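Novice: here are the coordinates; sequence isn't available:
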C-alpha cells in the first residue's frame, strides 16, 4: 500500500484534483496515561509520512534526553508539544494533529486521559465524527476506559474504534483480545454506538496501525488507518433539518441585505420556506450569496449569505431554520453540564450562556442530579466541582431557539461563561424544554423522541 | 412545542454527493471565525505578514464579508529586514484591493539600530517583532488580532485555540485556554485583555498550497524558483537581498536556482534549492518534501521550547 502516490505517477492534474476533492474525518483519541496514545498518534503521523527529516533529527535528539524507549526513537515526543509536558511526561491540553492519505484528510483531537481533564475530552469530542479509544492489552478495561466511552457517547459520537494496544506484550493473544472486546461490548451496549470496531495493534512497533501486522494470524479485520479511511462520516448532520445561526447582517448598501452564517445542519435552496427563530417570522430564501457567485443549493458546514424574499428583520442571535421542521423555543432549559471551572457551581449562580450566536444571562436555578462519570447513574448534588457532570435547569433572560443535543449537536450545544473571570465555565448539552414550574425540584425529564439516543441514555441511567 | 422527531436519513438520498471537500470545509470554518470575531469584538485588526498564509488569510477575509468591504484594517509589523520583493508585493496588493493598511516599525528599535546581523536573531525578533507588535496593538487599542498561524507548524502551536486570550501584557497562558466546542467561541475578555484569532488553525502547509492553486491567489514571487544570489552559511542558503548582509572572508554570492517555503526577515530565512517554478510543481515538492517548512527559520532553534517561550512573551 502506498500512502502518498507520487504526483509523477498519474500526472499533476489528476493528482491535484484528487487532493482537492478529499473529504475530512475528525476524530478524538482518548486513553489513560500509559495506554500509549501519544505513541499511537506519533505512529499514525510517522507511517503516513507526515514527519520530515529535520523533525526526525530533532526527535532522535529529544528521545535521548526525554524519551522512554532507550536508544529507540520515542514517537510520543512528536506530539507532546509543550516543554512542561515533556518534563512531566504527560499531555496537558487538547492538541490537534493533522495527517492525510490519498483517501482522506484527518484532524485528530489529542486529549489527555487524566481524570481532572474531563472538559478537554468534552471539547475534543464535541466536533469529532469518531472516537479512537485506547486500551492497554495488559491492563484491559479500566475505570478510565468506561469514563471515556460514556463521555464520547454523551457527546453524540456514534462510531468507535477500540484500539487494543500493546498486543505484542501479551503475545498477540486472541483470547485476551476477545475478552477485552466482549467486556467493552457489555459496557457500551446501551450507549447508542452505531459501530464499534476493535483492532489489535502495537503502536510502538506499528503493527495494524498504518501497515498490517503479521503476528496476529487470526486477525483479518484490517488496520486502524483502513477503518479511518472508510468509516461513514457526517451522516447525522447531513440528514438533520436546515439550521443556520445569523452571525452578521451584511448590508453594504441599500440594495443588498444578506444574513451571513455557517450552516449548522441540513440543506437549503432558493425558494425554500424558512422561519426565523425565535421570533417565528417566515419568509422564502431568495438567493444563496457567496463571494464565488450564487449557489443553487448549500448544505451543512458551508459559510454562506442568505438573502430572504421579505423584510423579516432578522439579526445576529436569530436562527434561520426550515419552516417544516421548526426549532424549539424556550427560556428554561434542561441541560447536561460539564463543569470546567475551578470555582464550584451552586444553585442560583448567574452566568452567561452562549448558544449559536446568541449570548444571554443565565441562572442555574436547580442542580438536579450529578452523573457518575463511570456508570452514568444519577445521584444527588448540592454543588458542582471542576469536571463534574450534572443535569441542571437553566433559566435565561430571553427565549432562545435550540434543538435537543441528541438530535443536533450544533444547535443543542452551549457554553456557560463566568461573568467575572470571562472564562468558559461549562459545556452544556440541551436535553429538553423545562416543563413549566417555578424551579426547584424539576419533574422527571421527558424523553425527546421515540427511540432517541437520549431516551436510551435516560433508560440506562434509570431516569 | 413538541419535540421534533429524531432525524433519519432518507434511504434513497445519496449523502456522499452532499459532502464538502476538505478544502471547502476549511474555508467555511475560517470564514465563520472571521465573522464571529467581527461581530463580537470592538476593534479587530488583521496581522499581515505578506507570506503565503497571509495571502490566504486575506482572501478568506474578503470572502467572509463580500459583497461588503473588509470591516477591519491590516497591520504589517515591518522589521525593515523584509525582502524587497515582499514590500513591493504588499504595496501593490494594498493598492489593488483598496486595503486599509497600517505599517508599524518599532521606533525605539530603529533608533538603537537593532538588526538580526548586529544583534542576533533572538534580540531582533524580540525587539522588532514581539515588542513592535505589542506597541502597535496598544497604540491602536485593537482588542482582537487575526493571525495566519497554523497548528501544524510547530508543537506548541498545536495546542493553541482558534481564539486565544492574551493578558493586558499580551502574554499567553497555556493553562487558561478556553474550550471551543461546537464552533462556539467565547470572545469575552476583561478590560485591557485582547484576543489572537487564528482562522487557519486547522490548515496544513499542503492545504494552503492546494487552496492557493484552486483559488488562484496571488503570492510573493519569492515562493517560485528562480536564479538568485545566495551564500551558504551554517547549512542555510541565505539570499543576498541587499548590501546589508556582510559577507564572511572568502564568501562570494553565487547564483543558484532557489525558492522560499516560508518568508520572514531575510537573513533569518533560508532558501531551498528547487526547480519548482509553478504551483503544481511546488505542491508536488511539498508532498515529496523531506524537511519541514520551518526548517528555514532560525528562531525556532533558539533553544528547546523556543516557540513556546516566545509565545508566552507575546510573539504571535
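Specialist: Looks like it arrived, so ask away. Since the model is a prediction, treat every value here as computed from it, not as a measurement.

Novice: Count the residues that sit near residue 288.
Specialist: I'll assume chain A. 22 (other CB atoms under 10 Å in any protein chain shown). Backbone N, C-alpha and C define where each C-beta goes, glycine included.

Novice: Switch to chain B, please.
Specialist: Residues near residue B:288, counting by other CB under 10 Å: 12.

Novice: State the distance from it to chain A.
Specialist: 7 Å (CB to the nearest CB, to the nearest Å).

Novice: quick one: low-confidence parts of the chain?
Specialist: In the absence of a named chain, this looks at chain A. Scanning chain A for pLDDT under 70 picks out A:1-12, A:33, A:51-56, A:59, A:66-73, A:77-93, A:113-117, A:236-238, A:432-463.

Novice: let's do chain B instead
Specialist: Within chain B, the stretches with pLDDT under 70 are B:1-18, B:155-156, B:289-316.

Novice: Am I right that residue A:169 is in a helix?
Specialist: Yes - applying DSSP: H, G, I helix; E, B strand; the rest coil, one finds residue A:169 inside a helix.

Novice: wouldn't it be in contact with residue A:176 here?
Specialist: No - counting by CB atoms under 8 Å, residue A:169 stays clear of residue A:176, with 10.1 Å between them.

Novice: so what sits against both of these two?
Specialist: Residues touching both residue A:169 and residue A:176 by CB atoms under 8 Å, 6 or more residues apart in numbering or on different chains: residue A:137.

Novice: More neighbours: those two, which one.
Specialist: Taking other CB under 10 Å, residue A:169 and residue A:176 do not tie; residue A:176 has more neighbours (17 against 13).

Novice: Spatially nearest residue to the more buried one, not counting backbone neighbours?
Specialist: Excluding the flanking residues, the one nearest residue A:176 by CB to CB, 6 or more residues apart in numbering or on different chains is residue A:170, at 4.8 Å.

Novice: That neighbour and residue A:139 touch, don't they?
Specialist: No - using CB under 8 Å, residue A:170 is not in contact with residue A:139, being 10.2 Å away.

Novice: Wait, a helix at residue B:85?
Specialist: Yes - under three-state DSSP, residue B:85 falls within a helix.

Novice: show me the contacts for it.
Specialist: Neighbour list for residue B:85: B:220-222 [criterion: CB under 8 Å, 6+ apart].

Novice: which of the residues you listed has the most neighbours?
Specialist: Within the contacts of residue B:85, neighbour counts (other CB under 10 Å) peak at residue B:222, which reaches 25 neighbours.

Novice: Next up, phi/psi of whichever residue of the stretch 101-250 of chain A sits closest to chain B, please.
Specialist: Residue of the stretch 101-250 of chain A nearest chain B, by CB to the nearest CB: residue A:126 (3.4 Å). Backbone torsions for residue A:126, taken as degrees, to the nearest 10, come to phi -60, psi -30.

Novice: which one is it nearest to, not counting chain neighbours?
Specialist: With CB to CB, 6+ apart as the criterion, residue A:126 has its nearest non-adjacent residue at 3.4 Å, and that residue is residue B:181.

Novice: so that neighbour makes contact with residue A:415?
Specialist: Yes - using CB under 8 Å, residue B:181 is in contact with residue A:415, at 6.8 Å.

Novice: Now do the shared contacts for those two.
Specialist: residue A:427.

Novice: if I look at the residue of the stretch 101-250 of chain A closest to chain B, how far off is residue B:102?
Specialist: According to CB to CB, to the nearest Å, residue A:126 stands 37 Å off from residue B:102.

Novice: So those two - more neighbours on which side?
Specialist: Shown here are residue A:126 and residue B:102; by other CB under 10 Å, residue A:126 has more neighbours (26 against 16).

Novice: so what's that one up against?
Specialist: A:155, A:409, A:413, A:427, B:181-182.

Novice: Among these, which lie within strands?
Specialist: A:413, A:427 (DSSP state E).

Novice: With neighbour count and distance to residue A:346 added, can I get the contacts of residue A:126 in CSV?
Specialist: Listed next are the contacts of residue A:126 as CSV, based on neighbours: other CB atoms under 10 Å in any protein chain shown; distance: CB to CB, whole Å:
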residue, neighbour count, distance to residue A:346
A:155, 26, 25
A:409, 24, 28
A:413, 28, 24
A:427, 28, 19
B:181, 25, 24
B:182, 25, 26
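
Novice: Farthest pair within the contacts of residue A:126?
Specialist: A:409 and A:427 (11.4 Å; CB to CB).

Novice: ok, which stretches of the stretch 101-250 of chain A are helices?
Specialist: Under the criterion DSSP state H, counting those that start in this stretch, the stretch 101-250 of chain A carries helices at the ranges A:118-126, A:143-154, A:174-188, A:224-230, A:235-239.

Novice: hmm, the host helix or strand of residue B:34 in reach of chain A?
Specialist: Here residue B:34 sits within helix B:22-40, counting by DSSP states H and E. Yes - interface with chain A: helix B:22-40 contributes B:22-29, B:31-32, B:35-36, B:38-39 (CB under 8 Å from any CB of the partner chain).

Novice: Go ahead and measure how far that helix is from the middle of the chain.
Specialist: With CA atoms, centre = their mean, to the nearest Å as the basis, helix B:22-40 stands 16 Å off its chain's centre.

Novice: Show me which positions of that helix end up buried.
Specialist: B:22-40 (16 or more other CB atoms under 10 Å in any protein chain shown).

Novice: just checking, what packs against it?
Specialist: Counting contacts by 3 or more CB pairs under 8 Å, 6 or more residues apart in numbering or on different chains; DSSP states H and E, helix B:22-40 packs against strand A:23-30, strand A:248-253, strand A:256-265, strand A:303-308, helix B:52-65, strand B:144-146, strand B:194-197, helix B:205-215.

Novice: touching chain A at all, the helix or strand that it is followed by?
Specialist: Next along the chain after helix B:22-40, taking DSSP H and E as the criterion, comes strand B:44-47. No - using CB under 8 Å from any CB, strand B:44-47 stays clear of chain A, with a minimum separation of 12.6 Å.

Novice: so what strands line up beside strand B:44-47?
Specialist: According to DSSP bridges, strand B:44-47 has the following sheet partners: strand B:74-77 (parallel), strand B:144-146 (parallel).

Novice: Single out the most deeply packed of these.
Specialist: Ranked by mean neighbour count, these are led by strand B:144-146 with a mean of 26 (mean count of other CB atoms under 10 Å in any protein chain shown).

Novice: Can you list the neighbours in contact with the helix or strand just after that one?
Specialist: Using DSSP H and E, the helix or strand that follows strand B:144-146 in sequence is strand B:163-166. Contact with strand B:163-166 is made by B:33, B:37, B:172-173, B:176-178, B:180, B:185-187, B:189, B:193-198, B:314, as judged by CB under 8 Å, 6+ apart.
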